[in-house]
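A.B. asks: any chance you could fold what I've pasted below:
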Amino acid sequence: MIVKLIFLLLGSVIFAQAALADSASEATVLTKEAVADVKAFDPAARPYIVQLPDGWEVSELKAPRPYSGREIGGGRLRAIKKESEGAAVIELTYMSKPGSGEQPDLSYEFGHFVTTIKSEYESKGLKATVTETKKSNLSVLPAEEAEVVVSGAGSAQDLHQWFAMAMGKNYVYALSFTGHKDYYDKFLPAFEKCRQSLKVE
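C.D. replies: Residues are numbered from 1 along each chain as shown. Below is the predicted model:
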């Protein structure tokens, strides 16, 4: 069911700053040449084209796994910009849709996604404020987007996070951009350029 995929997608959004601690065994860091290949559309390898910001560390990871351990088709592309005082993270996740013929409702699924994100942060003793959901697009696909501001846990700066979800013919897509306030604002233009370059199935 789509709802099960929604919970897996949370792994690409909740505490995105934890991406900085991923081990090399979990993420394959791409060379400059391999990053250029991301621009080449090849549905057999990855069902998208995207122009990533120059100078960011780019990694490919497997799609999140359910507790059963069963592999689900898809993957994640992560770009991180690190500086001495902080970082910003862009992450694109795509996961195979169920083949049951079920036609999911994007508004319902995204609303559930947003509610769960807020609850997850609050369960960790953090304050999470979520903006009103907006209709938008990821490439040619109808999408819904929202932003969350997370504060607490002794951090001097709030964590800002933008995320969107879209459903294509074969995949569910989630795109997110995360950073503490100063870095979110600083690298937002680079993210917007990346987002505008995205082309999917």
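
A.B. asks: just the helices in the protein please.
C.D. replies: Applying DSSP state H to the chain gives helices spanning 2-9, 32-37, 106-123, 181-197.

A.B. asks: tell me the most buried of these?
C.D. replies: Stretch with highest mean neighbour count among those: helix 2-9 (a mean of 19; mean count of other Cβ atoms under 10 Å). To be clear about C-beta, it is placed using only N, CA and C from the backbone, and glycine gets the same treatment.

A.B. asks: what mean pLDDT does it get?
C.D. replies: Averaged across helix 2-9, pLDDT comes to 44.

A.B. asks: one more: stretch 159-172?
C.D. replies: 90.

A.B. asks: check contacts around S136.
C.D. replies: Neighbouring residues of S136 by Cβ atoms under 8 Å, 6 or more residues apart in numbering: A143, E144, E145, A164.

A.B. asks: run through the bridge partners of the closest residue to I90 other than its chain neighbours.
C.D. replies: Excluding the flanking residues, the one nearest I90 by Cβ to Cβ, 6 or more residues apart in numbering is A79, at 4.4 Å. Note on A79: beta-bridge partners by DSSP bridges are V58, I90.

A.B. asks: can I assume A79 is in contact with D54?
C.D. replies: No. In terms of Cβ atoms under 8 Å, A79 does not count as a neighbour of D54; the distance is 10.4 Å.

A.B. asks: quick one, which of those two is more surrounded?
C.D. replies: Legend: neighbour count by other Cβ atoms under 10 Å for A79 and D54, higher for A79 (25 against 8).

A.B. asks: how near is the more buried one to H180?
C.D. replies: Distance of A79 to H180, given as Cβ to Cβ, to the nearest Å: 17 Å.

A.B. asks: got the confidence number for the residue nearest to I90?
C.D. replies: 92.

A.B. asks: going forward, begin numbering at 15 instead of 1
C.D. replies: From this message on, residue numbering opens at 15, which makes the last subject A93.

A.B. asks: show me the contacts for it.
C.D. replies: L66, P67, W70, E71, V72, S73, V103, I104, E105, C208.

A.B. asks: try it again at 10 Å.
C.D. replies: Going by Cβ atoms under 10 Å, 6 or more residues apart in numbering, A93 touches 33, 44, 49, 52, 64, 66-67, 69-73, 102-106, 191, 204-205, 208.

A.B. asks: are any of these buried, and if so which?
C.D. replies: Among those, the ones that count as buried by 16 or more other Cβ atoms under 10 Å are 33, 44, 49, 52, 64, 66-67, 70-73, 102-106, 191, 204-205, 208.

A.B. asks: before we move on, back to that, distance to S150 added to the helices of the chain, as a markdown table?
C.D. replies: Shown next, in a markdown table, are those (distance: least, Cβ to Cβ, whole Å):
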| stretch | distance to S150 |
| --- | --- |
| helix 16-23 | 17 |
| helix 46-51 | 26 |
| helix 120-137 | 11 |
| helix 195-211 | 10 |
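
A.B. asks: with that, I have no additional questions.
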